[in-house]
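In: Have a look at this fold, sequence not included:
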């Protein structure tokens, strides 16, 4: 693992949406549709990837691979059933909610 620096931004429009960049303020690598969905971004922090064995809700290997291949990584946290539109729709249709693991598998 290299001494890659990671720059973290959060959406000011929607809670639980984070953008990790390999280069600070290098938004040109992120598709416009994703940037528009995120809305205004706020810089949160910078860290050295090599200093972390575990990062909350993502693996270090997954993050490093995305940064190397695309230059960015997007993390969307589903905080509650109220924010989880998939489970809202399932409830409306009389279906059982999906577990966090099932939801995570849908977005891989």
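Out: Great, that's in hand. Every value quoted in this text rests on a predicted model; they were computed, and no experiment measured them.
In: Can you tell me what sits against the longest helix along the chain?
Out: In the chain, with assignment by DSSP state H, the single longest helix is helix 60-69. When contacts are defined by CB atoms under 8 Å, 6 or more residues apart in numbering, helix 60-69 is touched by residues 1, 4, 6, 20-22, 49, 52-55, 72-73. In short, each C-beta sits where N, CA and C put it, glycine included.
In: ok, now with 6 Å
Out: 22, 49, 52, 73 (CB atoms under 6 Å, 6 or more residues apart in numbering).
In: what packs against whichever helix or strand comes after it?
Out: With elements assigned by DSSP states H and E, the helix or strand that comes after helix 60-69 is strand 72-76. Contacts defined by 3 or more CB pairs under 6 Å, 6 or more residues apart in numbering; DSSP states H and E place strand 72-76 against strand 17-21.
In: how far is the strand it packs on from where the chain is centred?
Out: 5 Å (CA atoms, centre = their mean, to the nearest Å).
In: Run me through the strand neighbours of that strand, direction for each.
Out: Using DSSP bridges, the strands paired with strand 17-21 in its sheet are strand 5-11 (antiparallel), strand 72-76 (antiparallel).
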